[in-house]
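Undergrad: using only what follows, build the 3D model:
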Amino acid sequence: MSEVLAALRAHPLFAGVGEPALAEVASRALVRTLPRNALLFRRGERCHGLYIVLEGRIQVYRATRDGREQVLHVDGPGRAVAEVPLFDGGPYPASARALEDSRLLFLPRPAFQELYRRHPEIADAVIRDLGRRLRDLVALVETVTLRGVRARVAHALVELAEAEGALRPGGTFVVPRTQEELARQLATTRDGVARALAVLARAGIIRRRGRSVEILDVAALEAAAQAGGR
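TA: Down below sits the predicted model:
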């Protein structure tokens with residue numbers, strides 16, 4: 001119970017909710033453990049409630065009929081997963097799996113709906129989060145449709161470097177995803193990601209040591225991220 005309360009207090013969705021209401025929510029919430037590669041839900045399934053990641057990483061993706069996957073986003077600790085069906089009553093628009101052993105807080109849909117009706121600030125927080133996700137999806141569509149593979153990889157490196165405060169000459173950061181995971185996110189293949197990284201390294205733009213990336217030429221990396229060719 002104390003862990004659930006702490007998770008609720010820390011989450012932006014419940015920032016304006018008082019302790020009595022949080023205690024009520026915590027009494028109706030469950031903690032679910034999900035091993036690596038296990039499915040949390042499939043596209044088309046009915047939404048039963050709200051998931052919040054406590055530990056691990058959850059990958060939300062869509063699969064095509066020929067078996068290819070497009071990663072939409074990856075949610076880590078403190079992030080909610082697939083909130084849209086909570087409001088529109090529809091099925092999950094994508095599937096979700098655990099990228100590593102994970103633990104999630106689950107709040108049944110009726111309990112969540114009752115809570116946000118009594119506390120409009122929760123609905124406001126969800127709307128802000130959905131707006132952020134929409135912006136991310138628009139950026140993803142732009143990246144996949146308007147950029148070649150090398151540009152997609154360079155763009156991903158720029159974003160990762162910015163997030164780590166490492167977008168500078170000599171800046172170093174660790175890519176938190178495998179090449180296979182990065183390929184799914186960028187709608188390409190693992191070989192495509194490997195080739196793009198090799199080209200950037202040979203051009204003297206980056207230096208790689210495993211998952212660690214050092215930026216050697218910021219301007220060239222940003223230029224590569226904006227290129228349109230393959």
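Undergrad: what residue lies at the spatial centre of the chain?
TA: V74 (2.2 Å; Cα atoms, centre = their mean).
Undergrad: now T188, what's its secondary structure?
TA: Going by DSSP: H, G, I helix; E, B strand; the rest coil, the secondary structure assigned to T188 is coil.
Undergrad: show me the shaky parts of the chain.
TA: Residue ranges of the chain with pLDDT under 70: 1, 15-16, 66-67, 123, 125, 133, 137-147, 228-230.
Undergrad: in it, which spans are strands?
TA: For the chain, the strands defined by DSSP state E occupy 30-34, 39-41, 49-55, 58-63, 69-75, 80-81, 95-98, 102-108, 172-174, 206-209, 212-215.
Undergrad: ok, the second one: who's next to it in the sheet?
TA: The pairing partners recorded for strand 39-41 under DSSP bridges are strand 95-98 (antiparallel).
Undergrad: for the fifth one, same thing?
TA: Each strand paired with strand 69-75, and its direction, by DSSP bridges: strand 58-63 (antiparallel).
Undergrad: flag every buried residue along the partner strand.
TA: 58-61 (16 or more other Cβ atoms under 10 Å). For every residue, glycine as well, the C-beta is placed using N, CA and C.
Undergrad: relative to L86, which of the residues you listed is nearest.
TA: V60 (14.5 Å; Cβ to Cβ).
Undergrad: so who does that closest one touch?
TA: Going by Cβ atoms under 8 Å, 6 or more residues apart in numbering, V60 touches 71-75, 81-82, 94-96.
Undergrad: change it to 6 Å
TA: Residues near V60 by Cβ atoms under 6 Å, 6 or more residues apart in numbering: 72-73, 94, 96.
Undergrad: if we can go back for a sec, tabulate the strands of the chain in a markdown table, adding columns for distance to L157.
TA: Formatted as a markdown table, those follow (distance: least, Cβ to Cβ, whole Å):
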| stretch | distance to L157 |
| --- | --- |
| strand 30-34 | 29 |
| strand 39-41 | 28 |
| strand 49-55 | 25 |
| strand 58-63 | 19 |
| strand 69-75 | 16 |
| strand 80-81 | 26 |
| strand 95-98 | 25 |
| strand 102-108 | 26 |
| strand 172-174 | 9 |
| strand 206-209 | 7 |
| strand 212-215 | 6 |
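Undergrad: wait, which of these is closest to D136?
TA: Closest among these, using Cβ to Cβ: strand 69-75, at 6.2 Å.
Undergrad: what about stretch 7-22, how long is it end to end?
TA: For stretch 7-22, the first and last residues are 10 Å from each other (Cα to Cα, to the nearest Å).
Undergrad: still on that earlier bit, and the residue nearest to the centre of the chain, bridged to which residues?
TA: With DSSP bridges as the rule, V74 is bridged to Q59.
Undergrad: buried among the contacts of V60? Need that as a selection in PyMOL.
TA: Buried members of the contacts of V60, defined by 16+ other Cβ under 10 Å, are picked up in PyMOL with:
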select buried, resi 72+73+94+96
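Undergrad: could the contacts of V60 be laid out in TSV, adding distance to L30?
TA: Formatted as TSV, those follow (distance: Cβ to Cβ, whole Å):
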residue	distance to L30
L72	25
H73	24
A94	22
A96	17
